[in-house]
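Q: Whatever this is, show me its structure:
(chains A and B)
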Number of protein chains: 2
Amino acid sequence: MSRKYASALLDNAVNALASLPGVGYKTALRLALYMLRREAAYTEGFVDALLALRLKVRYCPVCHNICEGERCGICSDTHRDGSTVCVVENIKEVMAIENTGQFHGLYHVLGGIISPIDGIGPGDLEIDSLVQRVADGDIKEVILALSTTMEGDTTGFFIYRKLAEYAVEVTAIARGISIGDEIEYADEITLGRSILNRTAFADGKMNQY
Amino acid sequence: MSRKYASALLDNAVNALASLPGVGYKTALRLALYMLRREAAYTEGFVDALLALRLKVRYCPVCHNICEGERCGICSDTHRDGSTVCVVENIKEVMAIENTGQFHGLYHVLGGIISPIDGIGPGDLEIDSLVQRVADGDIKEVILALSTTMEGDTTGFFIYRKLAEYAVEVTAIARGISIGDEIEYADEITLGRSILNRTAFADGKMNQY
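A: Residues are numbered from 1 along each chain as shown, chains lettered A, B, ... in the order given. Next comes the predicted model:
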């Protein structure tokens, strides 16, 4: 669907902006008029940044994170612990975990999650390349940082079985009550798991935040 | 302020998107990753539409609406009533009034509103060109469709005085209770005005919507 405005140029710009996820026609029109009010250099810089991202971006051949050079900044950082690999669904999770400052190993971006309903099987994901990384040695621990959904659990279990024959420890990030959450309102599965996986009170972890 | 992500390309794209009004970093990142997932032609079409808007857009020399050719589509439409001119702040209001389908005259876009606090005086707006249009004859009625703010009222009064010496009727759009509003919750100024400017019950206008 598209809408008609005062000029075909404006129509096209508004329709382009409204094609973005979560952007409606009112917002698109507001953004288009904002660009009209700003100097031409603003729009030129704006489109250059988007074009550069789309056309020049590359994917790290090791972990499949986005990168510009041969390898991504994390894989090429010699200060990071190459014996620990954190498996995530997408680069968004890489950024989220990097922002915590709590992880100093490497990543492996699957590029999705096993979801038969969407037609995504293990072959569509970077699982074979993960197994190959483990087979090549060096990696001592694989941390699964996947969503706690049916798809996430399925993907985790699939990877776990694939890695069973290698001498590598497979762990999953802790599930439990979120910081700031009230126990009264926690669902029983989370609460049950948090009791089963309780930690020593004085081991320092709870004072990190 | 800008943020750091996995790659300088992504940083630049996210910061560009986040520079749009009402777009935060989370949304900007989501949009940037959406573009990465889509084919390159999508981003190319997207930026072409924005660049074309910004670089090729022109303003109608008569009414200052945006246009592509010599005059805007409304001014060059010979079926429209050239004796009635509706004065609005911006092209957004032109579109809003056009969408009602209730106005068949021409427009005059001021390009802003008198606002001493923002340093915008009458000289920064297209008021002289409006007076010139009236002085040239042909125009019988000038409709002021400005916001009911202090700035809108000031601008309206300024235009009213400027046009006082010409044989032109100056009107303002009706103020009153919005369709669907409950009288109980209307502010007293609006309610008071709506009583003063009451219309005959059966004159057909109330059945337009």
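Q: Tell me which residues touch A:Pro21, please.
A: B:30-31, B:34 (CB atoms under 8 Å, 6 or more residues apart in numbering or on different chains). In short, each C-beta sits where N, CA and C put it, glycine included.
Q: ok, 7 Å please
A: B:Tyr34 (CB atoms under 7 Å, 6 or more residues apart in numbering or on different chains).
Q: Downstream of whichever helix or strand A:Tyr34 is part of, the next helix or strand is which one?
A: For A:Tyr34, the host element (DSSP states H and E) is helix A:25-37. Remark: after helix A:25-37, the chain's next helix or strand is helix A:40-56, criterion DSSP H and E.
Q: If you count neighbours, what's buried in that next one?
A: For helix A:40-56, the neighbour count (16 or more other CB atoms under 10 Å in any protein chain shown) marks A:43, A:46-47, A:49-54 as buried.
Q: Let's have those in a markdown table, adding distance to chain B.
A: Converted to a markdown table, the buried residues of helix A:40-56 look like this (distance: CB to the nearest CB, whole Å):
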| residue | distance to chain B |
| --- | --- |
| A:Thr43 | 4 |
| A:Phe46 | 5 |
| A:Val47 | 4 |
| A:Ala49 | 4 |
| A:Leu50 | 5 |
| A:Leu51 | 5 |
| A:Ala52 | 6 |
| A:Leu53 | 4 |
| A:Arg54 | 4 |
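Q: Show the low-confidence segments of chain A, by residue range.
A: A:1-6, A:202-209 (pLDDT under 70).
Q: for it, longest strand please?
A: The single longest strand within chain A, with elements called by DSSP state E, is strand A:81-88.
Q: Give me the sheet partners of it and which way each runs.
A: Counting by DSSP bridges, the strands paired with strand A:81-88 are strand A:105-109 (parallel), strand A:141-144 (parallel).
Q: For those strands, could you give me a markdown table that also reports mean neighbour count?
A: Below are the strands paired with strand A:81-88 laid out as a markdown table (neighbours: other CB atoms under 10 Å in any protein chain shown):
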| stretch | mean neighbour count |
| --- | --- |
| strand A:105-109 | 24 |
| strand A:141-144 | 19 |
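Q: for chain A, what spans make up the strands?
A: A:58-59, A:66-67, A:81-88, A:105-109, A:141-144, A:169-172.
Q: list the helices and strands the first one packs on?
A: Strand A:58-59 sits against strand A:66-67, with contacts defined as 3 or more CB pairs under 7 Å, 6 or more residues apart in numbering or on different chains; DSSP states H and E.
Q: I figured A:Asp124 was touching A:Gly112, is that so?
A: Yes. With contact defined as CB atoms under 7 Å, A:Asp124 counts as touching A:Gly112 (6.4 Å).
Q: Tell me how chain A divides into domains.
A: A:8-52, A:79-208 (automatic domain parsing).
Q: Enumerate every residue touching A:Asp68.
A: No Asp there; residue A:68 is Glu. When contacts are counted by CB under 7 Å, 6+ apart, A:Glu68 touches A:58, B:7-9.
Q: how about the helix holding A:Tyr34 against chain B, any contact?
A: Yes. Residues of helix A:25-37 contacting chain B under CB under 7 Å from any CB of the partner chain: A:27, A:31-36.
Q: For that helix, what is the distance to the chain centroid?
A: With CA atoms, centre = their mean, to the nearest Å as the basis, helix A:25-37 stands 30 Å off its chain's centre.
Q: Same question for stretch A:20-28.
A: The chain centre lies 24 Å from the centre of stretch A:20-28; the measure is CA atoms, centre = their mean.
Q: about what we covered before: going by distance to B:Ile139, which of the buried residues of helix A:40-56 wins?
A: A:Thr43 (35.5 Å; CB to CB).
Q: Surely that closest one touches B:Leu51?
A: Yes. A:Thr43 is in contact with B:Leu51 according to CB under 7 Å; the separation is 6.4 Å.
Q: can you list residues touching both of the two?
A: Common neighbours of A:Thr43 and B:Leu51 (CB under 7 Å, 6+ apart) do not exist.
Q: ok so, going back, helices and strands around the helix holding A:Tyr34, which ones?
A: So helix A:25-37, by 3+ CB pairs under 7 Å, 6+ apart, packs with helix A:8-18, helix B:40-56.
Q: could the ones you listed go into JSON lines alongside distance to A:Gln102?
A: Shown next, in JSON lines, are those (distance: least, CB to CB, whole Å):
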{"stretch": "helix A:8-18", "distance to A:Gln102": "37"}
{"stretch": "helix B:40-56", "distance to A:Gln102": "34"}
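Q: Among the ones you listed, which comes closest to A:Gly73?
A: Among the helices and strands packed on helix A:25-37, the nearest to A:Gly73 by CB to CB is helix B:40-56 (23.1 Å).
Q: With just CA atoms, put the closest one into PDB.
A: Extracted C-alpha coordinates of helix B:40-56, given in PDB (Å, rounded to 0.1, in the frame of the first residue of the first chain):
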ATOM      1  CA  ALA B  40      21.000  -4.500  -1.400                       C
ATOM      2  CA  ALA B  41      18.400  -3.200  -4.000                       C
ATOM      3  CA  TYR B  42      16.100  -2.400  -1.100                       C
ATOM      4  CA  THR B  43      18.600   0.000   0.500                       C
ATOM      5  CA  GLU B  44      19.600   1.400  -2.800                       C
ATOM      6  CA  GLY B  45      15.900   2.200  -3.600                       C
ATOM      7  CA  PHE B  46      15.500   3.600  -0.100                       C
ATOM      8  CA  VAL B  47      18.400   6.100  -0.300                       C
ATOM      9  CA  ASP B  48      17.500   7.000  -3.900                       C
ATOM     10  CA  ALA B  49      14.000   8.100  -2.900                       C
ATOM     11  CA  LEU B  50      15.400  10.200   0.000                       C
ATOM     12  CA  LEU B  51      18.200  11.800  -2.100                       C
ATOM     13  CA  ALA B  52      15.700  12.600  -4.900                       C
ATOM     14  CA  LEU B  53      13.400  14.300  -2.500                       C
ATOM     15  CA  ARG B  54      16.100  16.400  -0.900                       C
ATOM     16  CA  LEU B  55      18.000  17.400  -4.100                       C
ATOM     17  CA  LYS B  56      15.200  17.700  -6.700                       C
END
